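Participant: Need a 3D model of the sequence below.
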Amino acid sequence: MGTTDVPDGGPEARTGLIHLLRKVSVEFGLRQAEFAAHNGMHPTDVRALICLLDAGRAGTDATAGWLGAQLGLHSAGTTAVVDRLVRLGHVTRTRDPRDGRRVLLAVEERAEELGQAFFGPFIGATDAVLRELDSRETDAVRRFLTAAHEAVRAAPGSGRAPEPP
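Facilitator: Numbers count the residues shown, from 1 in each chain. This is a model prediction of the structure:
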(Lines give C-alpha, C1' and ligand atoms only; values in the text may rest on other atoms or scores of the structure.)
Protein backbone atom coordinates (compact mmCIF):
# COMPACT_ATOMS: atom_id res chain seq x y z
CA MET A 1 0.00 0.00 0.00
CA GLY A 2 1.41 3.45 -0.95
CA THR A 3 1.58 6.27 1.58
CA THR A 4 -1.43 7.98 0.03
CA ASP A 5 -3.49 4.76 0.17
CA VAL A 6 -3.66 4.47 3.97
CA PRO A 7 -7.42 4.39 4.68
CA ASP A 8 -7.38 5.89 8.18
CA GLY A 9 -5.69 9.15 7.20
CA GLY A 10 -2.90 8.40 9.67
CA PRO A 11 0.64 9.77 9.72
CA GLU A 12 1.69 7.88 6.60
CA ALA A 13 -1.23 9.29 4.62
CA ARG A 14 -0.52 12.83 5.85
CA THR A 15 3.16 12.48 4.98
CA GLY A 16 2.14 11.25 1.53
CA LEU A 17 -0.04 14.32 1.01
CA ILE A 18 2.78 16.62 2.12
CA HIS A 19 5.10 14.91 -0.35
CA LEU A 20 2.51 15.32 -3.12
CA LEU A 21 2.18 19.01 -2.31
CA ARG A 22 5.97 19.31 -2.48
CA LYS A 23 5.97 17.56 -5.88
CA VAL A 24 3.38 20.01 -7.19
CA SER A 25 5.36 22.96 -5.80
CA VAL A 26 8.62 21.76 -7.31
CA GLU A 27 7.01 21.06 -10.68
CA PHE A 28 5.33 24.45 -10.74
CA GLY A 29 8.64 26.11 -9.84
CA LEU A 30 10.30 24.30 -12.74
CA ARG A 31 7.56 25.50 -15.12
CA GLN A 32 7.98 29.07 -13.83
CA ALA A 33 11.75 28.87 -14.41
CA GLU A 34 11.16 27.48 -17.90
CA PHE A 35 8.71 30.32 -18.67
CA ALA A 36 11.20 32.88 -17.34
CA ALA A 37 14.09 31.51 -19.40
CA HIS A 38 11.95 31.27 -22.54
CA ASN A 39 10.90 34.92 -22.16
CA GLY A 40 14.23 36.47 -21.13
CA MET A 41 13.25 36.92 -17.49
CA HIS A 42 14.62 36.00 -14.10
CA PRO A 43 12.46 33.61 -12.01
CA THR A 44 11.83 36.50 -9.59
CA ASP A 45 10.32 38.43 -12.49
CA VAL A 46 7.70 35.70 -12.89
CA ARG A 47 6.93 35.84 -9.17
CA ALA A 48 6.55 39.61 -9.51
CA LEU A 49 4.13 39.23 -12.41
CA ILE A 50 2.07 36.74 -10.40
CA CYS A 51 1.93 39.19 -7.47
CA LEU A 52 0.89 42.03 -9.77
CA LEU A 53 -1.77 39.90 -11.49
CA ASP A 54 -3.14 38.89 -8.10
CA ALA A 55 -3.17 42.54 -6.99
CA GLY A 56 -5.09 43.51 -10.11
CA ARG A 57 -7.69 40.80 -9.52
CA ALA A 58 -8.05 41.88 -5.87
CA GLY A 59 -8.26 45.59 -6.69
CA THR A 60 -5.08 46.25 -4.69
CA ASP A 61 -2.94 49.25 -5.63
CA ALA A 62 0.46 47.80 -6.49
CA THR A 63 3.40 50.09 -5.82
CA ALA A 64 7.07 49.18 -5.89
CA GLY A 65 7.09 49.17 -2.08
CA TRP A 66 4.12 46.81 -1.97
CA LEU A 67 5.73 44.53 -4.57
CA GLY A 68 9.03 44.47 -2.70
CA ALA A 69 7.22 43.42 0.47
CA GLN A 70 5.44 40.62 -1.41
CA LEU A 71 8.71 39.37 -2.87
CA GLY A 72 10.83 39.90 0.23
CA LEU A 73 13.18 42.23 -1.67
CA HIS A 74 14.88 45.46 -0.62
CA SER A 75 14.23 48.60 -2.67
CA ALA A 76 17.22 48.21 -5.01
CA GLY A 77 16.24 44.62 -5.83
CA THR A 78 12.63 45.64 -6.40
CA THR A 79 13.71 48.48 -8.68
CA ALA A 80 15.82 46.06 -10.73
CA VAL A 81 12.86 43.67 -11.14
CA VAL A 82 10.45 46.47 -12.08
CA ASP A 83 12.94 48.07 -14.49
CA ARG A 84 13.49 44.70 -16.19
CA LEU A 85 9.74 44.03 -16.51
CA VAL A 86 9.11 47.53 -17.87
CA ARG A 87 11.99 47.19 -20.36
CA LEU A 88 10.53 43.85 -21.54
CA GLY A 89 7.12 45.47 -22.02
CA HIS A 90 5.42 43.34 -19.34
CA VAL A 91 4.67 46.06 -16.76
CA THR A 92 3.76 49.74 -16.85
CA ARG A 93 4.36 52.46 -14.30
CA THR A 94 1.68 55.13 -14.02
CA ARG A 95 1.08 57.98 -11.60
CA ASP A 96 -1.73 57.28 -9.15
CA PRO A 97 -4.58 59.60 -10.21
CA ARG A 98 -5.60 60.03 -6.54
CA ASP A 99 -2.07 60.75 -5.30
CA GLY A 100 0.44 61.99 -7.85
CA ARG A 101 3.33 61.11 -5.55
CA ARG A 102 2.63 57.39 -5.91
CA VAL A 103 3.53 55.27 -8.91
CA LEU A 104 1.31 52.26 -9.61
CA LEU A 105 2.43 49.11 -11.37
CA ALA A 106 0.25 47.11 -13.74
CA VAL A 107 0.75 44.07 -15.95
CA GLU A 108 0.53 44.70 -19.68
CA GLU A 109 -1.87 42.66 -21.79
CA ARG A 110 1.09 41.20 -23.72
CA ALA A 111 2.45 39.62 -20.52
CA GLU A 112 -0.96 38.18 -19.69
CA GLU A 113 -1.15 36.66 -23.18
CA LEU A 114 2.33 35.11 -22.83
CA GLY A 115 1.36 33.65 -19.47
CA GLN A 116 -1.92 32.29 -20.79
CA ALA A 117 -0.20 30.69 -23.80
CA PHE A 118 2.37 28.99 -21.57
CA PHE A 119 0.38 28.18 -18.41
CA GLY A 120 -3.07 27.85 -20.01
CA PRO A 121 -2.81 24.10 -20.63
CA PHE A 122 -1.75 23.51 -17.00
CA ILE A 123 -4.56 25.72 -15.72
CA GLY A 124 -7.06 23.98 -18.00
CA ALA A 125 -5.97 20.52 -16.87
CA THR A 126 -6.15 21.56 -13.22
CA ASP A 127 -9.60 23.06 -13.76
CA ALA A 128 -10.75 19.78 -15.32
CA VAL A 129 -9.61 17.91 -12.19
CA LEU A 130 -11.43 20.40 -9.94
CA ARG A 131 -14.65 20.06 -11.97
CA GLU A 132 -14.68 16.37 -11.05
CA LEU A 133 -14.90 17.24 -7.33
CA ASP A 134 -18.09 18.08 -5.46
CA SER A 135 -18.40 21.22 -3.32
CA ARG A 136 -17.39 19.42 -0.10
CA GLU A 137 -14.24 18.12 -1.75
CA THR A 138 -13.30 21.50 -3.23
CA ASP A 139 -13.91 23.13 0.15
CA ALA A 140 -11.56 20.58 1.75
CA VAL A 141 -8.91 21.22 -0.90
CA ARG A 142 -9.26 24.99 -0.39
CA ARG A 143 -8.96 24.66 3.40
CA PHE A 144 -5.91 22.45 3.07
CA LEU A 145 -4.11 24.65 0.54
CA THR A 146 -4.91 27.82 2.51
CA ALA A 147 -3.62 26.31 5.75
CA ALA A 148 -0.56 24.83 4.02
CA HIS A 149 0.24 28.22 2.48
CA GLU A 150 -0.01 29.93 5.87
CA ALA A 151 2.13 27.23 7.52
CA VAL A 152 4.88 27.64 4.93
CA ARG A 153 4.62 31.44 4.96
CA ALA A 154 4.88 31.65 8.76
CA ALA A 155 7.58 28.99 9.14
CA PRO A 156 10.69 29.98 11.10
CA GLY A 157 13.28 31.43 8.76
CA SER A 158 10.75 32.53 6.16
CA GLY A 159 11.08 36.15 7.25
CA ARG A 160 7.37 36.59 6.66
CA ALA A 161 4.46 36.91 9.02
CA PRO A 162 1.14 35.16 8.37
CA GLU A 163 -1.22 37.09 6.13
CA PRO A 164 -4.10 38.84 7.84
CA PRO A 165 -7.49 37.13 7.39
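
Participant: surely Arg93 meets Val82?
Facilitator: Yes. Contact criterion Cβ atoms under 8 Å: Arg93 and Val82 qualify, at 7.2 Å. Any C-beta I mention is one placed from the backbone N, CA and C, and that applies to glycine too.

Participant: and the two? which has more neighbours close in?
Facilitator: Val82 (21 against 14; other Cβ atoms under 10 Å).

Participant: Identify the residues contacting that one.
Facilitator: 48, 64, 67, 91, 93, 105 (Cβ atoms under 8 Å, 6 or more residues apart in numbering).

Participant: Of these, which is the nearest to Ala140?
Facilitator: Within those, the smallest distance to Ala140 is 31.3 Å, found for Ala48 (Cβ to Cβ).

Participant: Name the next helix or strand downstream of the helix or strand where the closest one lies, please.
Facilitator: Element membership for Ala48 (DSSP states H and E) is helix 43-58. With elements assigned by DSSP H and E, the helix or strand that comes after helix 43-58 is helix 64-71.

Participant: Identify each buried residue in the helix or strand just after that following helix, please.
Facilitator: Past helix 64-71, further along toward the C-terminus, the next helix or strand under DSSP H and E is helix 75-87. Using 16 or more other Cβ atoms under 10 Å as the test for burial, helix 75-87 gives 78, 81-82, 84-85.

Participant: Check which helices and strands whatever helix or strand comes next after helix 75-87 sits against.
Facilitator: For helix 75-87, the succeeding helix or strand toward the C-terminus, using DSSP H and E, is strand 91-96. The contact analysis (3 or more Cβ pairs under 8 Å, 6 or more residues apart in numbering; DSSP states H and E) places strand 91-96 against helix 43-58, helix 75-87, strand 99-107.

Participant: Could I get the ones you listed in CSV, plus columns for mean pLDDT and distance to Ile123?
Facilitator: Converted to CSV, the helices and strands packed on strand 91-96 look like this (pLDDT from 0 to 100; distance: least, Cβ to Cβ, whole Å):
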stretch, mean pLDDT, distance to Ile123
helix 43-58, 96, 12
helix 75-87, 97, 21
strand 99-107, 94, 16
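
Participant: Just put those in JSON lines and tack on distance to Ala151.
Facilitator: As requested, those are arranged in JSON lines below (distance: least, Cβ to Cβ, whole Å):
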{"stretch": "helix 43-58", "distance to Ala151": "19"}
{"stretch": "helix 75-87", "distance to Ala151": "26"}
{"stretch": "strand 99-107", "distance to Ala151": "29"}
